[in-house]
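*Asks:* from the sequence below, what's the structure:
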Amino acid sequence: MSFHPRLSLRVLCSGLLLMLTVVLLSAVTLAQDVETPKDEIFVGYQWLHPGGTVPNPFGNYNAPTGQRLSDMTAGFGAAYTYNFQKFFGLEGDFGYNWDNYESTLSVGPKFTARTESANYFLHTLLSYNRLGVDGLPNGNGIGAVLGGGMDLKLTHLFYWRVFEADYVYGRQNYSSVVSSAFPDLRRVSLEGIRLRTGLVFNFGYPPSVTPSATCSVQPSEVLQGEPITATVTTANFNPKHTLNYAWAGSGGKVTGSTTTASIDTNGVAGGTYPVTATVTDPKVKNGGQATCTANYTVKEPPKNPPTMSCSASPSSLQAGGSATITCTCTSPDNVPVTVGNWTATSGTVTGSGNTGTLNTAGASPGPVTVSATCTDSRGLSTPASTQVTVENPPPPPPQASKLTDCDFANMAKIKKPWRVDNECKGKLDDVAKNLQQNADNKLVIVGNAEPTEKRPNLAAERAVNSKAYLTSGEAKLGIDPSRIECRTGSAGTMSAEYWIVPAGGTFTEEGTQPVDESVVKAVPDHPHAAPKKKAKPAAQQ
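*Replies:* Numbering: from 1, shown residues only. From the prediction side, this is the model:
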């Protein structure tokens with residue numbers, strides 16, 4: 001594969017221009033927000049390096065020789081750009097150089113990054129290329145112009161194009177003077193470099209507007225000593241310029257150097273006062289200032305006494321209890337207030353801030369009035385009070401009482417110490433009658449056993465067997481099992497005790513434990529005897 005120097009140069013230039021494009025587009029994000037003209041016209045000097053080899057004039061058609069085109073130092077360039085927006089425009093370009101001559105007529109997009117002092121641009125143009133060499137027919141071909149440059153600001157309307165550097169590509173056909181056996185001289189590629197400098201004229205700027213400012217105050221009406229915030233809002237200033245703010249006023253001390261200022265009205269007599277803001281753009285010589293004014297009113301402070309209300313929680317309680325007293329104290333004139341001078345008609349009260357505590361120890365039943373006083377910083381005061389009712393103590397809750405008991409000593413003699421005998425059944429009939437006549441009563445059965453009795457859970461079995469008789473025994477008493485609780489006691493006797501617990505009462509007898517009725521079950525009068533073991537057959541002699 002052969003190396004073609006023209007192709008290498010074209011690839012190198014294309015890569016360089018692509019890199020410049022990326023750099024310029026990145027710079028757009030850093031560009032400033034400046035005014036953009038609709039029309040730009042460039043006129044200036046142009047130097048051209050054609051960058052091509054053409055056939056020698058009057059050469060042999062079948063044996064041509066080439067000559068390198070020399071630099072064309074005499075030339076001019078002109079361009080017109082219509083800007084659709086600040087970054088993008090459409091450019092038409094014309095360039096012409098003498099010494100032999102080469103001219104281009106081009107059109108294409110132009111990308112510009114604008115700052116306060118300079119513009120940086122990149123364009124890529126499709127061109128019509130015309131080349132005239134003495135002794136050769138004039139050539140016409142399609143080409144391209146790729147490049148960019150820098151324009152330095154002189155005035156609002158005039159810029160100096162410090163430089164413009166372009167890659168100029170063109171294609172010429174000399175088939176009338178060169179044989180097809182020499183393709184490089186028959187089809188000539190021009191890969192040139194063009195440099196320019198000159199003036200840029202700008203037209204079609206958007207109409208200029210006069211900067212303005214609007215002032216406001218918040219609040220617009222205050223009492224003497226209350227602060228005010230003044231704010232200025234600007235319009236039509238350059239958003240990229242740093243503005244200076246100056247504030248002035250006659251009604252109090254005005255402090256501020258930004259878009260807001262504070263007004264101290266301490267000591268200011270009642271009346272209406274102005275505050276004025278002057279906004280200046282130091283970078284603009286003419287028309288860079290705006291002034292605005294806002295008015296505010298200072299009122300003499302009124303002298304209204306404070307208002308207060310008090311409440312108690314709880315509002316009723318038993319003697320000896322405590323209640324929290326909360327008072328809400330405010331001043332219609334918004335001056336500081338305090339709550340104090342706590343008193344009570346009974347019991348004792350202590351207060352801290354707007355909260356007090358009433359202790360009713362020793363207080364008689366009836367209403368207790370608690371009072372306090374709210375005083376503002378000017379000495380104006382207002383009293384307020386609330387009531388707490390001390391109630392009579394409630395009666396003590398009903399207690400469980402032992403109704404009767406059963407003795408299991410006789411049953412222990414006949415080896416059935418768990419059994420409820422007939423005498424005990426008679427007592428349980430009386431217990432059932434009490435439960436039937438008092439539907440809210442409950443029963444607690446406490447089973448006991450002597451320490452010498454070795455049968456496990458015997459005390460619990462005596463309680464459970466008693467319950468079984470009341471709920472499902474042969475007397476069919478039908479007492480609801482949920483009304484009966486079985487417990488074991490520590491009396492150390494062969495007995496079962498039957499305690500009636502009235503509605504709202506509690507069983508408080510010490511030394512008893514609940515029976516786990518899922519483990520301890522009622523024992524029938526005649527439990528099944530364990531099966532006898534079969535005798536082993538006698539051994540044969």
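*Asks:* what about His123, which helix or strand?
*Replies:* strand 118-132 (DSSP states H and E).
*Asks:* quick one: low-confidence parts of the stretch 401-541 of the chain?
*Replies:* For the stretch 401-541 of the chain, the stretches with pLDDT under 70 are 526-541.
*Asks:* what's the answer for the stretch 151-300 of the chain, then?
*Replies:* Checking the stretch 151-300 of the chain against pLDDT under 70 turns up nothing.
*Asks:* if you set the cut-off to 80 instead, what comes out?
*Replies:* Scanning the stretch 151-300 of the chain with the threshold set as pLDDT under 80 gives 207-208, 285-287.
*Asks:* now do the strands in it.
*Replies:* Taking DSSP state E, counting those that start in this stretch to define them, one finds strands in the stretch 151-300 of the chain at 158-173, 187-203, 212-218, 221-223, 228-235, 244-249, 253-255, 260-264, 271-280, 289-299.
*Asks:* any chance of these in JSON lines, plus distance to Ala522 and mean neighbour count?
*Replies:* For glycine as for every other residue, the C-beta is placed from the backbone atoms N, C-alpha and C. Below are these laid out as JSON lines (distance: least, Cβ to Cβ, whole Å; neighbours: other Cβ atoms under 10 Å):
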{"stretch": "strand 158-173", "distance to Ala522": "114", "mean neighbour count": "19"}
{"stretch": "strand 187-203", "distance to Ala522": "115", "mean neighbour count": "19"}
{"stretch": "strand 212-218", "distance to Ala522": "87", "mean neighbour count": "17"}
{"stretch": "strand 221-223", "distance to Ala522": "87", "mean neighbour count": "16"}
{"stretch": "strand 228-235", "distance to Ala522": "88", "mean neighbour count": "18"}
{"stretch": "strand 244-249", "distance to Ala522": "99", "mean neighbour count": "16"}
{"stretch": "strand 253-255", "distance to Ala522": "95", "mean neighbour count": "14"}
{"stretch": "strand 260-264", "distance to Ala522": "90", "mean neighbour count": "18"}
{"stretch": "strand 271-280", "distance to Ala522": "98", "mean neighbour count": "18"}
{"stretch": "strand 289-299", "distance to Ala522": "91", "mean neighbour count": "17"}
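*Asks:* tabulate those (JSON lines), appending distance to Ala460.
*Replies:* Shown next, in JSON lines, are those (distance: least, Cβ to Cβ, whole Å):
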{"stretch": "strand 158-173", "distance to Ala460": "112"}
{"stretch": "strand 187-203", "distance to Ala460": "112"}
{"stretch": "strand 212-218", "distance to Ala460": "83"}
{"stretch": "strand 221-223", "distance to Ala460": "83"}
{"stretch": "strand 228-235", "distance to Ala460": "84"}
{"stretch": "strand 244-249", "distance to Ala460": "94"}
{"stretch": "strand 253-255", "distance to Ala460": "90"}
{"stretch": "strand 260-264", "distance to Ala460": "86"}
{"stretch": "strand 271-280", "distance to Ala460": "94"}
{"stretch": "strand 289-299", "distance to Ala460": "87"}
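*Asks:* what strands line up against the strand holding His123, and which way round?
*Replies:* strand 101-114 (antiparallel), strand 139-153 (antiparallel) (DSSP bridges).
*Asks:* list the buried residues for it?
*Replies:* Buried residues in strand 118-132, counted by 16 or more other Cβ atoms under 10 Å: Asn119, Tyr120, Phe121, Leu122, His123, Thr124, Leu125, Ser127, Asn129, Arg130, Leu131.
*Asks:* go on, stretch 382-402?
*Replies:* For stretch 382-402, using 16+ other Cβ under 10 Å, the buried residues are Thr382, Ala384, Ser385, Thr386, Val388, Val390, Ala400.
*Asks:* from those, which is closest to Thr155?
*Replies:* Closest approach between those and Thr155, by Cβ to Cβ: Thr382, at 75.0 Å.
*Asks:* what about whatever helix or strand the closest one lives in, average pLDDT?
*Replies:* Secondary structure from DSSP H and E places Thr382 in strand 381-391. Average pLDDT, strand 381-391: 93.
*Asks:* give me the contact list for it.
*Replies:* 305-312, 314-319, 323, 325, 327, 329, 341, 346-347, 358, 360, 363-375 (Cβ atoms under 8 Å, 6 or more residues apart in numbering).
*Asks:* quick one: buried ones out of those residues?
*Replies:* Buried members of those, counted by 16+ other Cβ under 10 Å: 305-306, 308, 310, 312, 317, 319, 323, 325, 327, 329, 346-347, 358, 360, 363, 368, 370-375.
*Asks:* just the ones of those residues in helices?
*Replies:* The members of these all map outside helices under DSSP state H.
*Asks:* bridging residues for Thr297?
*Replies:* Beta-bridge partners recorded for Thr297 (DSSP bridges): Glu221, Thr272.
*Asks:* distance of it relative to Pro239?
*Replies:* From Thr297 across to Pro239, the span is 34 Å (Cβ to Cβ, to the nearest Å).
*Asks:* hmm, back to that, now for the strands paired with strand 118-132, which one comes closest to Lys425?
*Replies:* strand 101-114 (113.8 Å).
*Asks:* mean confidence for the closest one?
*Replies:* Predicted confidence along strand 101-114 averages 96 (mean pLDDT).
*Asks:* show me what counts as buried in it.
*Replies:* So, applying 16+ other Cβ under 10 Å, buried residues of strand 101-114: Tyr101, Glu102, Ser103, Thr104, Ser106, Gly108, Lys110, Phe111, Thr112, Ala113, Arg114.
*Asks:* what does stretch 489-503 give?
*Replies:* Gly489, Ala491, Met494, Ser495, Ala496, Glu497, Tyr498, Trp499, Ile500, Val501.
*Asks:* residue contacts, the fifth one?
*Replies:* The contact partners of Ala496, by Cβ under 8 Å, 6+ apart, come to Asp405, Cys406, Phe408, Cys424, Ile445, Val446, Gly447, Asn448, Arg462, Ala463, Ser466.
*Asks:* just the buried ones from those residues, in ChimeraX syntax?
*Replies:* Buried subset of those, written as a ChimeraX selection, criterion 16+ other Cβ under 10 Å:
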select :405,406,408,424,445,446,447,448,462,463,466
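*Asks:* any chance of JSON lines for the contacts of Ala496, columns distance to Ala213 and secondary structure?
*Replies:* Putting these into JSON lines (distance: Cβ to Cβ, whole Å; DSSP: H, G, I helix; E, B strand; the rest coil) gives the following:
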{"residue": "Asp405", "distance to Ala213": "103", "secondary structure": "strand"}
{"residue": "Cys406", "distance to Ala213": "105", "secondary structure": "strand"}
{"residue": "Phe408", "distance to Ala213": "108", "secondary structure": "coil"}
{"residue": "Cys424", "distance to Ala213": "107", "secondary structure": "helix"}
{"residue": "Ile445", "distance to Ala213": "96", "secondary structure": "strand"}
{"residue": "Val446", "distance to Ala213": "96", "secondary structure": "strand"}
{"residue": "Gly447", "distance to Ala213": "99", "secondary structure": "strand"}
{"residue": "Asn448", "distance to Ala213": "101", "secondary structure": "coil"}
{"residue": "Arg462", "distance to Ala213": "102", "secondary structure": "helix"}
{"residue": "Ala463", "distance to Ala213": "97", "secondary structure": "helix"}
{"residue": "Ser466", "distance to Ala213": "101", "secondary structure": "helix"}
